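A.B. asks: Generate coordinates for the sequence data below:
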Amino acid sequence: MQIDVWSSLMGMEEREIAEVYGKYLSPQELQTLQDIAKEIKCIDFGNNKGRIDYLDFKLVEIMATLAVSSPDFEKKYFRSENPVNHTDFYNLGYQTAVDFIGLDKHRDFLLAMVDEFDTVYLGRLIQYQEGADIRMSLSEWDFYDILEAMSPREVSQLMELLGVDRKAKHKLEKCVSKKEIEAFVNILSSLSPTGYETAAATTKLWYEITLLKKAIPNLLEDTADNRCITDTLYSIIEDRHVNSDSMTVEMVYSMDEEPIAPFQIASLNYHLIYQRISTLYAVLIFLHNNLQYCSTNVESVKRIRRCISVWEYAEELEKWILEEKIDPFGYADSVESLENFKKEFLAELNIPKSIGKEKKSNEYFCYASGKKEIDEVECRKLYKALADERLLEWNEETCFSFMYRMCPSYTPKKDTPSPIIWLGTTRELFNLIWEYYEGSTKIWEKTRKFFHNINGIPPKINGAKNQAISPSARMQRIFDSLK
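C.D. replies: Modelled structure (predicted):
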């Protein structure tokens, strides 16, 4: 469809463009459209990929705006004899956005970040963090998960930040070495150490540094082979160690790993990909601003500053992080025009209607005695609230599967729900199930069966109840909003 619009624009003069589209666009949008029309008439399509990516992205923004504001435009391009599916346009619009902000375009920035990481040492980071006021939401369970991935020496250094006595420190280190997660959490919870926030923040920063230092070169190696950036999602790692109460930082890639459950390109969620790339940029900029004084590589720090200074997107992002104190781990950018398009044309999801067909008890969560059953209306509201918080994808298959598993009274003719892809933390999933199904039979076995992470992997349910009973800030906000 973009090609059709490009062809139309190539045959139009500025005056005609203003007459046809002017009443539907702001002066700035109209000027952008006219500039695109001028440029595509003389652009060398063989040697200007970066520029074409930019024009594609700006054109998508304008098309989304026109579809919302102009019934004639929407009818022509979405309801003609060869209609374009609204969902496909939304998804491919984000594919264009992904191409526009692609990591291959910011290679120097990424490599400079790796160089900066290389000269940051844990001892120096600890020394710097002890006086800093950097707080990150990290549960005791996630804290343990990160420590489990580190060396005994790193664990010992980080335990010092807790401010506990030697005996307690030794007990905690022993729990990590013996993989006794529940004992670790119980000891830590009983101590309530004054240095927990500092220890958690430093541990999370160090883990991020270690992870990204390895992942970025692998990612850039992939883009250097002229493979589309989305192809690297075949080997994406959903990293539960860097979860917070905000969105999981699932932007770490490794070409050394064989994919466990690869995506099919046709079903890729480009909005999610775009958000994860934006999260990666936010995390890197955040790390740079917290590490530049720990690094001994002055030249890499200067390179990063130069890259950001000529990159408008990064400059704005850095400003938000520093001035607005946004959470970089929870930051997930969206394209406003595409989100308006989604609100206008994709707000309603059509799923099979309930017909009173009987479901087997192993196909859904059963309510414990005395608990009020959630009805279809309430379940739809719950699904929307979770999707709004980016915990579930907003599409008909996910909605159907969620309703089928979570609502006993939803009994459609269709009885083949897909695994529900959970985009939040494992703890948040357990929070959800516990809130509605506390005390029901086989609650965690069903959770493992019904829900998968983005790689198609079911959650580990060891210690699920202990994680479930203390809702994250985000989940508590959702529960309160639905009361």
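A.B. asks: could you pull out the helices for the stretch 301-450 of the chain?
C.D. replies: 312-319, 336-345, 376-388, 396-406, 426-437, 443-450 (DSSP state H, counting those that start in this stretch).
A.B. asks: can you give me the strands for the stretch 251-400 of the chain?
C.D. replies: 252-253 (DSSP state E, counting those that start in this stretch).
A.B. asks: about what we covered before: looking at the helices of the stretch 301-450 of the chain, which is nearest to Ala215?
C.D. replies: Nearest of those to Ala215, taken as Cβ to Cβ: helix 312-319 at 19.1 Å. For every residue, glycine as well, the C-beta is placed using N, CA and C.
A.B. asks: follow-up on the earlier one: dump the helices of the stretch 301-450 of the chain to a markdown table, plus mean neighbour count and distance to Gln127.
C.D. replies: Output for the helices of the stretch 301-450 of the chain, formatted as a markdown table (neighbours: other Cβ atoms under 10 Å; distance: least, Cβ to Cβ, whole Å):
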| stretch | mean neighbour count | distance to Gln127 |
| --- | --- | --- |
| helix 312-319 | 15 | 25 |
| helix 336-345 | 17 | 42 |
| helix 376-388 | 17 | 41 |
| helix 396-406 | 21 | 46 |
| helix 426-437 | 22 | 31 |
| helix 443-450 | 18 | 42 |
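A.B. asks: In CSV, list those along with distance to Ser192 and mean pLDDT.
C.D. replies: Output for the helices of the stretch 301-450 of the chain, formatted as CSV (distance: least, Cβ to Cβ, whole Å; pLDDT from 0 to 100):
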stretch, distance to Ser192, mean pLDDT
helix 312-319, 35, 91
helix 336-345, 42, 91
helix 376-388, 31, 94
helix 396-406, 35, 93
helix 426-437, 19, 92
helix 443-450, 28, 95
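A.B. asks: okay if I get these as TSV plus distance to Tyr77?
C.D. replies: Below are the helices of the stretch 301-450 of the chain laid out as TSV (distance: least, Cβ to Cβ, whole Å):
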stretch	distance to Tyr77
helix 312-319	28
helix 336-345	12
helix 376-388	27
helix 396-406	22
helix 426-437	39
helix 443-450	38
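A.B. asks: Tell me which of the ones you listed lies nearest to Ser472.
C.D. replies: helix 426-437 (5.3 Å).
A.B. asks: How far away from the center of its chain is that closest one?
C.D. replies: Helix 426-437 has its C-alpha centroid displaced from the chain centroid by 19 Å (Cα atoms, centre = their mean, to the nearest Å).
A.B. asks: do stretch 187-200 as well
C.D. replies: Worked out by Cα atoms, centre = their mean, stretch 187-200 lies 28 Å from the chain centre.
A.B. asks: what's the answer for stretch 26-41, then?
C.D. replies: 32 Å.
A.B. asks: Report the buried residues of it.
C.D. replies: Neighbour-count burial for stretch 26-41 flags Glu29, Leu30, Thr32, Leu33, Gln34, Ile36, Ala37, Ile40 (criterion: 16 or more other Cβ atoms under 10 Å).
A.B. asks: Checking my notes, Leu211 in a strand, right?
C.D. replies: No: read with DSSP: H, G, I helix; E, B strand; the rest coil, Leu211 is helix and lies in no strand.
A.B. asks: Can you work out which other helices and strands pack against the helix or strand where Ala64 lies?
C.D. replies: Following DSSP states H and E, one finds Ala64 within helix 49-69. For helix 49-69, the helices and strands in contact under the criterion 3 or more Cβ pairs under 8 Å, 6 or more residues apart in numbering; DSSP states H and E are helix 2-10, helix 27-40, helix 71-78, helix 86-100, helix 336-345.
A.B. asks: Dump the ones you listed to CSV, plus distance to Phe451.
C.D. replies: CSV is the format used below for these (distance: least, Cβ to Cβ, whole Å):
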stretch, distance to Phe451
helix 2-10, 36
helix 27-40, 41
helix 71-78, 34
helix 86-100, 23
helix 336-345, 24
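A.B. asks: ok, and the helix or strand in this structure with the lowest average confidence?
C.D. replies: The helix or strand of the chain with the poorest confidence is strand 252-253; it has a mean of 30 (mean pLDDT, DSSP states H and E).
A.B. asks: wait, doesn't Val164 sit right on Leu191?
C.D. replies: Yes: counting by Cβ atoms under 8 Å, Leu191 is a contact partner of Val164 at 5.7 Å.
A.B. asks: More neighbours: the two, which one.
C.D. replies: Val164 (22 against 16; other Cβ atoms under 10 Å).
A.B. asks: Surely the more buried one is in a strand?
C.D. replies: No: Val164 is assigned coil when assessed by three-state DSSP, not a strand.
A.B. asks: Not counting residues beside it along the chain, what's closest to it?
C.D. replies: Nearest residue to Val164, sequence neighbours excluded (Cβ to Cβ, 6 or more residues apart in numbering): Pro193, at 5.1 Å.
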